[in-house]
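Novice: sequence first, predicted coordinates after that:
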Amino acid sequence: MLCGMDYDVLIIGAGMSGLAAGIRLAHFGKRVVICEKHALVGGLNSYFRRHGREFDVGLHAMTNFARSGDRSAPLNRLLRQLRLEYTDLRLQPQGYSEIRFPQETLRFTNHPADLEEAVARSFPGQADGFRALTARVRATDRFALADSGLSTRAVLKECITDPLLVEMLLCPLLFYGSATPDDMDFNQFCVMFQSLYLEGFARPEGGVRTLLKLLLDRFREAGGELRLRGGVAGIRDLPHGEGKAVRLDDGAEVTCGAVLSCAGYHETLRLCVPDYRPDPAHPEGQLSFVETILVTSRPVHEAGFGASILFFNTAEHFHYRRPSRLTDARSGVVCAPGNFAGAGPGHSGEDMLRITQLADHEPWMRMDDDEYQEAKDKLLAETVTLAESFVPGIRDRLVCTDMFTPRTIVQFTGHLNGAVYGAPVKAKDGVLPVPGVFLCGTDQGFLGITGALLSGTSIANRHLLRASP
């Protein structure tokens, strides 16, 4: 530990990336503290209890599914770095997921050949192009700490000539990881393509709580310290540049050799720089979501909804951008946790759907409390009607409901504008324009649950351990 410092490293945020970084640093003897402003860990991927039930937020499923024996798979490599056992995750693989547009439906599983066959069946003239695209994705270094500078749409045109197939392939990847309207950097596309289509989905048995408990237990066993309700209010240099002083919301000040922030690019710079203003070349994120949770008295597969996850679009053209109204009901994601393996045809009792749609953060944020509740009630009624098109009769089976909005996201994550995927420009190398402060998590740029964990370990290795990832 640096002489006179309270800690070697202070981590802002006990989300997936912060916990993973804390575990890695503590394993190598660093004295590390994680400061989390809320009473629960998890950040964007956490849980809450209401109506006598526990609900996940954020996590629909883990991407990058791998079998335990595949030592080269990103998930298994990551587990070795965190010294976690594969069996501890109790993973339940997806049965199948679907991309459903008015013109076509594509089904994919955790076996890449199934999507290739679906493309060849629905788009026979695109089969060779899809195989060429897959080969190009496989040849791309998914862990490169730099953007490609290439528009995914521009690259896709080189392989896929049918515009509908382009939109259908993009729909799940944008919804599960893009901070850029209607597009994404090609390197990020390759990460998501491999994560979803070539590896696939699984859910830990017990949901996000299972994974968070594993991470938190490992962090504490390694000697890490966690401060809940320990929000960070500011960061300043110590005299002579020997470290940082971090001021907490309660007025306490903690000293450390370095800060690793999961709070976001702009959010972190606001803590460091008085009167901070974003650079126009590095704008704040604008893409936010609402999610409606519908708890049903019986499994949804009994009403014919068998997909683990459904990505849908009902419009003539797919739009992924900040909507011009409260929400955009034309497209979205429907997750059925009960349709993952282990909760299939034999599953009985309560079930749920989680329906996610794009939202305009600004009107949600400026409403007074009465307007806000009225807007939520109206959206719930609209979403139940939408759910009826997927699960006939669900209205009569509802046990309870809940909803989060951009306002909820801001409250519990601190992400500006409720931007779940942060800023569109990522700091892939984890470097901020403030010495001694580094970035991991959403705005570093590795995507999904596995990506968030990898972000924490990679940036800790690169800047705070001087070790190879």
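Specialist: That came through fine.

Novice: using CSV, list the CA coordinates for stretch 9-24.
Specialist: Provided in CSV are the C-alpha atoms of stretch 9-24 (Å, rounded to 0.1, in the frame of the first residue of the first chain):
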residue,chain,number,x,y,z
VAL,A,9,-7.5,1.6,-5.1
LEU,A,10,-10.9,3.0,-4.5
ILE,A,11,-13.6,1.7,-6.9
ILE,A,12,-16.7,3.7,-7.5
GLY,A,13,-19.7,1.5,-7.9
ALA,A,14,-20.5,-2.1,-6.9
GLY,A,15,-21.8,-3.3,-10.3
MET,A,16,-20.5,-6.3,-12.1
SER,A,17,-17.4,-4.5,-13.4
GLY,A,18,-16.6,-3.0,-10.0
LEU,A,19,-16.9,-6.2,-8.1
ALA,A,20,-14.8,-8.1,-10.7
ALA,A,21,-12.1,-5.4,-10.6
GLY,A,22,-12.2,-5.5,-6.8
ILE,A,23,-11.8,-9.3,-6.7
ARG,A,24,-8.9,-9.2,-9.1
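
Novice: pLDDT of that stretch, averaged?
Specialist: In this model, stretch 9-24 carries a mean pLDDT of 97.

Novice: quick one: distance of that stretch to the chain centre.
Specialist: 16 Å (CA atoms, centre = their mean, to the nearest Å).

Novice: next: stretch 8-28.
Specialist: The answer for stretch 8-28 is 18 Å, by CA atoms, centre = their mean.

Novice: quick one: terminal-to-terminal distance for it?
Specialist: With CA to CA, to the nearest Å as the measure, stretch 8-28 spans 11 Å from end to end.

Novice: ramachandran angles for residue 232?
Specialist: Residue 232 adopts backbone torsions of phi -100, psi 130, taken as degrees, to the nearest 10.

Novice: distance check, it against residue 393.
Specialist: 48 Å (CB to CB, to the nearest Å). Every residue, glycine included, has its C-beta placed from N, CA and C.

Novice: where along the stretch 251-400 of the chain do the strands fall?
Specialist: Along the stretch 251-400 of the chain, the segments classed as strands by DSSP state E, counting those that start in this stretch run 253-261, 288-296, 309-313, 327-335, 351-359, 398-404.

Novice: could I get these as CSV with distance to residue 374 and mean pLDDT?
Specialist: What follows is the strands of the stretch 251-400 of the chain, written out as CSV (distance: least, CB to CB, whole Å; pLDDT from 0 to 100):
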stretch, distance to residue 374, mean pLDDT
strand 253-261, 37, 97
strand 288-296, 15, 96
strand 309-313, 27, 98
strand 327-335, 14, 97
strand 351-359, 16, 96
strand 398-404, 13, 95
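
Novice: on that earlier part again, neighbour count winner among residue 232 and residue 393?
Specialist: residue 232 (24 against 12; other CB atoms under 10 Å).

Novice: list the beta-bridge partners for the more buried one.
Specialist: Note on residue 232: beta-bridge partners by DSSP bridges are residue 248.

Novice: can you pull the contacts of it?
Specialist: 12, 35, 37, 246-249, 263, 271 (CB atoms under 8 Å, 6 or more residues apart in numbering).

Novice: quick one: low-confidence parts of this structure?
Specialist: 1-4, 342-348, 467-469 (pLDDT under 70).

Novice: ok, and what's touching the longest helix belonging to it?
Specialist: Scanning the chain for the helix with the most residues, using DSSP state H, yields helix 369-390. Contact with helix 369-390 is made by 290, 292, 294, 305, 310, 312, 326-327, 329, 334, 353, 355, 357, 364, 367, 394-395, 398, 401, 403, 405, 407, as judged by CB under 8 Å, 6+ apart.

Novice: of these, buried ones?
Specialist: 290, 292, 294, 305, 310, 312, 326-327, 329, 334, 353, 355, 357, 364, 367, 394, 403, 405, 407 (16 or more other CB atoms under 10 Å).

Novice: the longest helix of the chain: how far from the chain's middle?
Specialist: Taking mean C-alpha positions (CA atoms, centre = their mean), helix 369-390 and its chain are 24 Å apart.

Novice: can you list the buried residues in it?
Specialist: 372, 375-376, 379-380, 383-384, 386-387, 390.

Novice: contact partners for the residue most central in space within the chain?
Specialist: Centroid-nearest residue in the chain, with CA atoms, centre = their mean: residue 448, separated by 4.4 Å. Counting by CB under 8 Å, 6+ apart, residue 448 touches 62-64, 176-177, 192, 195.

Novice: dump those to a markdown table, plus neighbour count, secondary structure and distance to residue 111.
Specialist: Conversion of these to a markdown table gives the following (neighbours: other CB atoms under 10 Å; DSSP: H, G, I helix; E, B strand; the rest coil; distance: CB to CB, whole Å):
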| residue | neighbour count | secondary structure | distance to residue 111 |
| --- | --- | --- | --- |
| 62 | 26 | strand | 17 |
| 63 | 24 | coil | 15 |
| 64 | 26 | coil | 15 |
| 176 | 21 | coil | 19 |
| 177 | 24 | coil | 22 |
| 192 | 26 | helix | 18 |
| 195 | 27 | helix | 15 |
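
Novice: so which of those comes closest to residue 161?
Specialist: Among the contacts of residue 448, residue 192 lies closest to residue 161 (CB to CB), at 21.6 Å.

Novice: tell me the SS of the nearest residue to the closest one once chain neighbours are set aside?
Specialist: Of all residues not flanking residue 192 in the chain, residue 173 sits nearest, at 4.1 Å (CB to CB, 6 or more residues apart in numbering). Secondary structure, DSSP: H, G, I helix; E, B strand; the rest coil: residue 173 is helix.

Novice: gap between stretch 138-151 and the chain center?
Specialist: 19 Å.

Novice: just give me the neighbour total for residue 461.
Specialist: Residue 461 - counted by other CB under 10 Å - has 18 other residues nearby.

Novice: same thing with residue 266?
Specialist: 22.

Novice: again with residue 197
Specialist: 22.

Novice: verify the stated contact: it with residue 109.
Specialist: No: counting by CB atoms under 8 Å, residue 197 stays clear of residue 109, with 9.8 Å between them.

Novice: what sits in contact with each of the two?
Specialist: What both residue 197 and residue 109 touch, as defined by CB under 8 Å, 6+ apart, is the set residue 115.

Novice: can I assume residue 98 sits in a helix?
Specialist: No: looking at residue 98 with three-state DSSP, it is strand, so not inside a helix.

Novice: returning to what we had before: which one of the contacts of residue 448 is nearest residue 28?
Specialist: residue 64 (24.6 Å).

Novice: how about the nearest residue to that closest one, chain neighbours excluded?
Specialist: residue 450 (4.1 Å).

Novice: assign the one you found to helix, strand or coil.
Specialist: Assignment for residue 450 (three-state DSSP): helix.

Novice: quick check: it touching residue 73?
Specialist: No: Residue 450 is not in contact with residue 73 according to CB under 8 Å; the separation is 9.5 Å.
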